[in-house]
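In: build me a model from this:
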Amino acid sequence: MKVLFVCLGNICRSPTAEIVFREIVAREAPDLGIEIDSAGTAAYHVGSPPDSRSRQAALRRGYDMSALRARVVETQDFSLYDLILAMDRQNFDTLKQRAPTAARERIRMFLEFAPDAEVTDVPDPYYGGPNGFEEVLDLIEAAARGLLQHIRTEARRA
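Out: This is a model prediction of the structure:
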């Protein structure tokens, strides 16, 4: 199973989802062999580390994002990944437009996996205050656990 998390610039939400999901899988399901990555739909920050506020918020919860670097979604990602998870509706729509027809069914909203969340989009914390990064982490941790449960269920069916 290969999972790609996607936001706009790949410096806040999607790298946070990548590292949170990577840590949860390493602790709770290393046997599943899930490959995890993140990317952005825009190339604004290619090669840059995650936003310092994202890194600081993540570190407070024990997640180290220092090795991550932003990249943009590439054509081959649509055939490489089993699940492509958009952080919000705008990026979901962009991915659907760019994806070959055969890949469109693998594009989903990440918060589908957090059924108790009161929102459907992971909000972009970039222009907000520091609490936004904590809210993003709360949503991502909930959705990451739901995603792992979904993947376990699918693995049992296979």
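In: what residues of the longest helix seen in the chain count as buried?
Out: When the chain is parsed with DSSP state H, its longest helix is helix 130-157. Residues of helix 130-157 classed as buried: 132-133, 136-137, 139-148, 151 (neighbour count, 16 or more other CB atoms under 10 Å). Where you see a C-beta, it was placed from the backbone N, CA and C, and this is true even at glycine.
In: kindly report the same for stretch 79-97.
Out: Taking 16+ other CB under 10 Å as the criterion, stretch 79-97 shows 81, 83-88, 91-92, 94-95 as buried.
In: could I get the residues you listed as JSON lines with pLDDT?
Out: Listed next are the buried residues of stretch 79-97 as JSON lines, based on pLDDT from 0 to 100:
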{"residue": "Tyr81", "pLDDT": "98"}
{"residue": "Leu83", "pLDDT": "98"}
{"residue": "Ile84", "pLDDT": "98"}
{"residue": "Leu85", "pLDDT": "98"}
{"residue": "Ala86", "pLDDT": "98"}
{"residue": "Met87", "pLDDT": "98"}
{"residue": "Asp88", "pLDDT": "98"}
{"residue": "Asn91", "pLDDT": "98"}
{"residue": "Phe92", "pLDDT": "98"}
{"residue": "Thr94", "pLDDT": "98"}
{"residue": "Leu95", "pLDDT": "98"}
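In: Arg145 is in contact with Ile24, isn't it?
Out: Yes - contact status for Arg145 versus Ile24: in contact at 6.6 Å, counting by CB atoms under 8 Å.
In: which neighbouring elements make contact with the longest helix of the chain?
Out: Other helices and strands packing on helix 130-157, by 3 or more CB pairs under 8 Å, 6 or more residues apart in numbering; DSSP states H and E, are helix 13-28, helix 52-60.
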